[in-house]
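A.B. asks: sequence plus the predicted model coming up.
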Amino acid sequence: MASKSILRTLNVTATIVLVAIFAIPFLWMISTSLKSYPETVIFPPQWIPSKVMWSNFQAAWESGPFLKYLMNSVVVSISILLLQFTTIILAAYAFARYSFKGDKLLFGITMVTLMIPGQLIFLPVYLLLSKWGLINNLLALILPFASSAFGIFMLRQSFKQVQEELIEAARLDQTPEWKIILRIMVPMARPTLVTFALFSFIAHWNDYFWPLVMTTSDAARTLPIGISKLREVDGGAAWHILMAGNMILVVPILIVFLFGQRQIIKAFVYSGVK
């Protein structure tokens, strides 16, 4: 009993420490976004602002074409997600349910691409898109991410867990393959799809490097680029404005996560049970 109590105490302590590691920076960002500039540079720092400065958000929003940045981020993130769903569902179904010559080799090549960092291939991709005249175009931010090896891997594992009898029964009823995918495979893999959608949305919503190298004008730039411009105001770091801008960037992610958290839990529980 004593050993179990000690283990439980250690477990709770470790959990609290981990929560604090992730929560404290986020709470500090919220606190700083509501402070006046002098309160952001005083020492020792104070957590609770003496006066809540909601005007920081207005100042951040009006410091540039943030509505344009926001719309670009929405269009890019959702377009990438739709294209990825189209490609990974078809590819994962083929890898999971068909045996053909070279299938293992092709799947292995797909997995190898996970080890290649995007920074390594950005130059040839940049030159190709430049040749096509797509620099400073939203297509340059969308097309390179039209598929996902990680998504194919996740979905293939989920599709392989679907009972073969269900698919054979559908084929005996002369159900077309596209209906099998849409009416059997996709609904049963819904938690996995939602989990991947959340990962993909967060990754591309927060992406800074790719929009930075593929765009030179505000017309095609996204929120992370706009937020980075808030770092310097009148020669100094305006931390209250910068953190207000970061809050604008983070809020959509939190909303998406709140809607998708149940499906994420289901994805991990379902995989664990199987």
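C.D. replies: Nice, I can see it.
A.B. asks: I figured Ser36 hits Met53, correct?
C.D. replies: Yes. Counting by C-beta atoms under 8 Å, Ser36 sits close enough to Met53 to count as a contact (5.4 Å). C-betas here are computed from N, CA, C, even on glycine.
A.B. asks: what is in contact with the two at once?
C.D. replies: Counting by C-beta atoms under 8 Å, 6 or more residues apart in numbering, the contacts common to Ser36 and Met53 are His240.
A.B. asks: neighbour count: those two, which is higher?
C.D. replies: When Ser36 is set against Met53 and neighbours are counted by other C-beta atoms under 10 Å, the residue ahead is Met53, at 19 against 14.
A.B. asks: which intervals of the chain have sub-threshold pLDDT?
C.D. replies: Along the chain, the model assigns pLDDT under 70 to residues 1-2, 232-236, 260, 263-274.
A.B. asks: excluding chain neighbours, give the residue nearest to Trp66 in space.
C.D. replies: Quick fix: residue 66 is Phe, not Trp. Spatial nearest neighbour of Phe66, excluding adjacent residues (C-beta to C-beta, 6 or more residues apart in numbering): Gly226 at 5.8 Å.
A.B. asks: so where do the helices sit in the stretch 1-150 of the chain?
C.D. replies: 2-33, 37-41, 55-62, 66-97, 103-112, 118-131, 138-142, 149-160 (DSSP state H, counting those that start in this stretch).
A.B. asks: any idea which of these gets closest to Gln261?
C.D. replies: helix 2-33 (15.0 Å; C-beta to C-beta).
A.B. asks: now the helices of the stretch 1-150 of the chain in a markdown table, with mean neighbour count?
C.D. replies: Compiled in a markdown table, those are given as follows (neighbours: other C-beta atoms under 10 Å):
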| stretch | mean neighbour count |
| --- | --- |
| helix 2-33 | 11 |
| helix 37-41 | 15 |
| helix 55-62 | 17 |
| helix 66-97 | 19 |
| helix 103-112 | 13 |
| helix 118-131 | 12 |
| helix 138-142 | 21 |
| helix 149-160 | 21 |
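A.B. asks: the ones you listed: which one's closest to Phe257?
C.D. replies: Distances from Phe257 to each of those were compared using C-beta to C-beta; the minimum, 12.5 Å, belongs to helix 2-33.
A.B. asks: which strands and helices sit next to the closest one?
C.D. replies: helix 239-273 (3 or more C-beta pairs under 8 Å, 6 or more residues apart in numbering; DSSP states H and E).
A.B. asks: which parts of the host helix or strand of the residue nearest to Phe66 are buried?
C.D. replies: In the assignment (DSSP states H and E), Gly226 maps to helix 223-228. Burial within helix 223-228, assessed by neighbour count using 16 or more other C-beta atoms under 10 Å, is assigned to Leu223, Pro224, Ile225, Gly226, Ile227.
A.B. asks: repeat for stretch 186-206
C.D. replies: Going through stretch 186-206 with 16+ other C-beta under 10 Å, the ones that come out buried are 186, 188-189, 191-201, 204-206.
A.B. asks: just the ones in helices from these, please.
C.D. replies: For these, the ones inside helices are 186, 188, 191-201, 204-205, with DSSP state H as the criterion.
A.B. asks: can you tell me the closest non-neighbouring residue to the residue most central in space within the chain?
C.D. replies: For the chain, the residue whose C-alpha lies nearest the mean C-alpha position (C-alpha atoms, centre = their mean) is Ile202; its distance is 2.0 Å. With C-beta to C-beta, 6+ apart as the measure, Ile253 is the residue that lies nearest to Ile202, at 5.6 Å, once sequence neighbours are left out.
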